[in-house]
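Undergrad: Turn this into a model:
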Amino acid sequence: MLELQNVSKSFDNLRAVDGVSLTVPRGQIIGLIGPNGSGKSTLLSLIAGNQQPSGGRVLFDGHDITRHSADQVFNAGLVRSFQDPSLFFRMNVLDNALLPVKKQRGEQPSQAPLHRTWRAEEQKNATTASTVLDQVRLQTHHAKLAADLSGGQMKLLELGRSLMGAPKLLLLDEPTAGVAPALAYTIFEQIEHLRRTQNLTFLIIEHRLEILFDFVDSLYVMHLGKVIAQGSPDQIADDQTVREVYFGE
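TA: Residues are numbered from 1 along each chain as shown. Down below sits the predicted model:
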């Protein structure tokens, strides 16, 4: 589904991502871990088109998307979420969920004044959004302002909104950051459910390894911009280099 070939990114004299190659097989949950400052979030930005790489190639679903803009990457089916939820806080939960729907007729200037041409489509999208909000346990909060949600609920809304973009692959940047442990595990249970029922693929940055290791198929470990290890959770846990870099042992 996703392949990175020797991807790099430099900021002046700082090489934030240094020749990273990795693959994300279709239908799998892949973890991306490493100490703070190791280049993980920058790598996600390069994949999602938020930043352009200095070198290397990004291949998604058989197509080269290396120089695509963020909206082109999104329209191809690759959707990212952010560590700090990028919600519209003065809009309610349902309206936030409806924003990513692609090719909405009512957003076209020529069609917007003609309510009859898009009213049924809008109702269908609202029904779909209601189903998605139910999947992420927010259906009863549909009328609440995003600003009034708890931190964990904001993370769930970010996940639900990503699903409304009809993704093939989701890039999640610390989906449980700042979330209580019980809800953090629930978020990953929802991710696993979505993988199983909708055949979605995930690349996830996460620092809560005790949760991440229960759900991923395999992991990559980054340090100083490079991938230093790759393998199953058991292999990563037993890797001495990873233990030295990540755990200080």
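Undergrad: Which positions in the helix or strand of the chain with the lowest mean pLDDT come out as buried?
TA: Using mean pLDDT, DSSP states H and E, the weakest-scoring helix or strand in the chain turns out to be helix 115-135, at a mean of 77. Neighbour-count burial for helix 115-135 flags Trp118, Asn125, Ala126, Thr128, Ala129, Val132, Leu133, Gln135 (criterion: 16 or more other CB atoms under 10 Å). (C-beta placed from N, C-alpha, C; glycine too.)
Undergrad: so the last one touches Glu189, yeah?
TA: Right, the one you point to is Gln135. No. Using CB atoms under 8 Å, Gln135 is not in contact with Glu189, being 11.2 Å away.
Undergrad: Residues touching stretch 151-162, excluding its own?
TA: With contact meaning CB atoms under 8 Å, 6 or more residues apart in numbering, stretch 151-162 is reached by 79-82, 85-87, 93, 96-97, 99-100, 129, 132-133, 135-138, 141, 146, 149, 170, 172, 175-180, 183-184, 187, 190-191.
Undergrad: For PyMOL, write the selection for the buried entries among those.
TA: With 16+ other CB under 10 Å as the criterion, this PyMOL line picks the buried residues out of these:
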select buried, resi 79+80+81+82+85+87+93+96+97+100+129+132+133+135+136+137+138+141+146+149+170+172+175+176+177+179+183+184+187+190+191
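Undergrad: now, which of the contacts of stretch 151-162 lie within helices?
TA: Val93, Asn96, Ala97, Ala129, Val132, Leu133, Gln135, Leu183, Ala184, Ile187, Gln190, Ile191 (DSSP state H).
Undergrad: Widest-spaced pair of those residues?
TA: Using CB to CB, the ones in helices among the contacts of stretch 151-162 span at most 24.2 Å, a distance reached by Ala129 and Ala184.
Undergrad: just to revisit the earlier point, would you mind pulling up the elements that the least confident helix or strand of the chain packs against?
TA: helix 93-98, helix 151-163, helix 181-198 (3 or more CB pairs under 8 Å, 6 or more residues apart in numbering; DSSP states H and E).
Undergrad: closest to Gln240 out of the ones you listed?
TA: helix 181-198 (27.1 Å).
Undergrad: If you count contacts, what does the next helix or strand after the closest one end up packed against?
TA: Remark: after helix 181-198, the chain's next helix or strand is strand 201-205, criterion DSSP states H and E. Applying 3+ CB pairs under 8 Å, 6+ apart, one finds that strand 201-205 makes contact with strand 29-33, helix 40-48, strand 169-173, helix 181-198.
Undergrad: who are the neighbours of the next helix or strand after strand 201-205, in terms of helices and strands?
TA: Following strand 201-205 in sequence order, the next helix or strand is helix 209-212 (DSSP H and E). In terms of contacts (3+ CB pairs under 8 Å, 6+ apart), helix 209-212 is packed against strand 29-33, helix 181-198.
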